[in-house]
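Chemist: test case, fold it:
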Amino acid sequence: MKKTWMKGALPLLILVVGFAGLTAIKASAEGEEEKNAVDTRPTVKIETAIAQDYQVQITSYGEVAPLESTMLSAQVSGEVISWHPNFVSGGLVLRGDTLFNIEKDTYEAALLQAEANLTLAQSQLIEEQARADVAKREAKGLASNKISDLYLRKPQLLSAQAAVKSAQSRLKIALRDLDNCVVKAPYDALIVSRNIGVGQYVTQGTQIAQIYNIETAEISFPIAGFDREFLPLDIAQQKATVRTKGYDPIEREATISRDLGIIDQDTRMSQLVVRVADPYSVKSNLPPLKFGHYVEVTFGGETLSQVYRLPQTLVNNRIIWVLDEEQQMQPKRVNILREEGTYFLISEGLQDQDKLITTLPEYPQKGMKVKIAEPEPDLVVQQ
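Modeler: Take a look at the predicted model:
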């Protein structure tokens, strides 16, 4: 009897144990699945959009040129007796420096002769004035019909006065010619070329040298149509920066001088001019900005109110992706006001505090759920 019961209960016991084992295995598998569940949402980085007032930066290019170029000519004839040591090609001279001297003997003699002629004319005037005074006194006892201008010596007096003026003019010319024997620099100058030497005889009008004004340099540069609308209303005297390119760039301050006032018919560009003071650094320790340098000119344009300045990499076909409150991606169409370097200036389409997605998934879609990357910890630099 007992053996019969054991034989009947054994299959039931095996079934119960098997069921319990299967249940345990299933529970363990579900727990393992829950434990190993993976978040498949793409990870993105975000930044907050903040509107700001921004002054447009306008950039163009031009060549450094002198404010003025002068061809020096001899104003008197004579022999060159000396010249300044820096009066050579490439030399720098200051305003008022004597560039060269012409022999003066002839002009000193002419000055003495002019002074003598003036003294003689003045003495003749004094004599004629005295005679006129005598004639005037004598005329008081004569009838009026017998008194004429010739009797009163008026023509002789006028002739003497004219002789004095003529002598004075010749004296003035003689003084000028003597002064012109010493040729001085009209401004701080770079000597471009010189065509004389000591002992050479020059005549009036002979071209002596070419010089460039180095007190001020000018740079003329074009302004394209898309930049022209962002120019400030009062462009004159605006500050600018002039910079050369290369390994060791030169940077100098400049001032906008004027608008040339025309638009080129071929390029549709206008022209502005900036001035740089003391380009050859005669009066400073700054690096010289030589004529012929090709430079970049940058200056501030109009100030735009409440715009967004964003990297161009965030904008694709005028679309920017933002993150909504449910951490879903949403596209926004924006209005690009201006391209400036690697940035866009955006006037419409965004709102303050919009969360801009700066790192997009490979295939961004509207409504795609994403997660925000944790901020990277600050790096501590050990000294």
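
Chemist: what's the domain layout of the chain?
Modeler: 44-54+305-372, 57-66+215-304, 69-102+181-214, 104-179 (automatic domain parsing).

Chemist: quick one: mean pLDDT over the second one.
Modeler: Same thing as domain 57-66+215-304. Taken as a whole, domain 57-66+215-304 carries a mean pLDDT of 91.

Chemist: and the domains of the chain: which comes nearest residue 38?
Modeler: domain 44-54+305-372 (12.3 Å; CB to CB). Where you see a C-beta, it was placed from the backbone N, CA and C, and this is true even at glycine.

Chemist: turn the domains of the chain into TSV, including mean neighbour count and distance to residue 38.
Modeler: Formatted as TSV, those follow (neighbours: other CB atoms under 10 Å; distance: least, CB to CB, whole Å):
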stretch	mean neighbour count	distance to residue 38
domain 44-54+305-372	15	12
domain 57-66+215-304	16	46
domain 69-102+181-214	17	72
domain 104-179	14	97
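
Chemist: where do the strands sit along the stretch 201-350 of the chain?
Modeler: Per DSSP state E, counting those that start in this stretch, the stretch 201-350 of the chain carries strands over the ranges 201-202, 207-213, 216-223, 239-244, 251-263, 270-277, 294-311, 319-323, 329-333, 335-340, 343-348.

Chemist: adding distance to residue 130, write these out as a markdown table.
Modeler: Shown next, in a markdown table, are the strands of the stretch 201-350 of the chain (distance: least, CB to CB, whole Å):
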| stretch | distance to residue 130 |
| --- | --- |
| strand 201-202 | 48 |
| strand 207-213 | 51 |
| strand 216-223 | 58 |
| strand 239-244 | 70 |
| strand 251-263 | 62 |
| strand 270-277 | 61 |
| strand 294-311 | 73 |
| strand 319-323 | 102 |
| strand 329-333 | 103 |
| strand 335-340 | 86 |
| strand 343-348 | 89 |
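
Chemist: and of these, who's closest to residue 105?
Modeler: Across those, closest to residue 105 is strand 201-202 (CB to CB), at 13.6 Å.

Chemist: and for the closest one, what's in contact with it?
Modeler: For strand 201-202, the surrounding residues in contact (CB atoms under 8 Å, 6 or more residues apart in numbering) are 74, 77-80, 102, 196, 208.

Chemist: in its sheet, what does it sit against?
Modeler: Partner strands for strand 201-202, per DSSP bridges, with pairing direction: strand 78-83 (antiparallel).

Chemist: just want the angle from the strand it pairs with to strand 207-213.
Modeler: If you take axes from the mean of the first three to the mean of the last three CA atoms, to 10 degrees, strand 78-83 sits at 40 degrees to strand 207-213.

Chemist: secondary structure class for residue 363?
Modeler: Of the three states, residue 363 takes coil according to DSSP: H, G, I helix; E, B strand; the rest coil.

Chemist: of all the strands of the stretch 201-350 of the chain, which one comes closest to residue 114?
Modeler: In terms of CB to CB, the element of those nearest to residue 114 is strand 201-202, at 22.8 Å.

Chemist: from the middle of its chain, how far away would the closest one be?
Modeler: 43 Å (CA atoms, centre = their mean, to the nearest Å).

Chemist: what's the answer for stretch 102-113, then?
Modeler: With CA atoms, centre = their mean, you get 49 Å for stretch 102-113.

Chemist: which other residues reach that stretch?
Modeler: With CB under 8 Å, 6+ apart, stretch 102-113 has contacts from 74, 76-81, 171, 174-175, 177-178, 180-183, 202.

Chemist: cutoff 6 Å now
Modeler: With contacts defined as CB atoms under 6 Å, 6 or more residues apart in numbering, stretch 102-113 is touched by 78-79, 81, 174, 177-178, 181.

Chemist: stretch 76-95 now?
Modeler: 97, 99-103, 177, 180, 185, 187-191, 193-194, 196, 198, 200-201, 203-204.

Chemist: run the last query once more with 7 Å
Modeler: 97-103, 106-107, 177, 180-181, 185, 187-194, 196-204, 214, 280, 282 (CB atoms under 7 Å, 6 or more residues apart in numbering).

Chemist: what pairs with the closest residue to residue 67 other than its chain neighbours across the strands?
Modeler: Once flanking residues are discounted, residue 67 sits nearest to residue 216: 4.3 Å by CB to CB, 6 or more residues apart in numbering. Residue 216 has these beta-bridge partners by DSSP bridges: residue 277.
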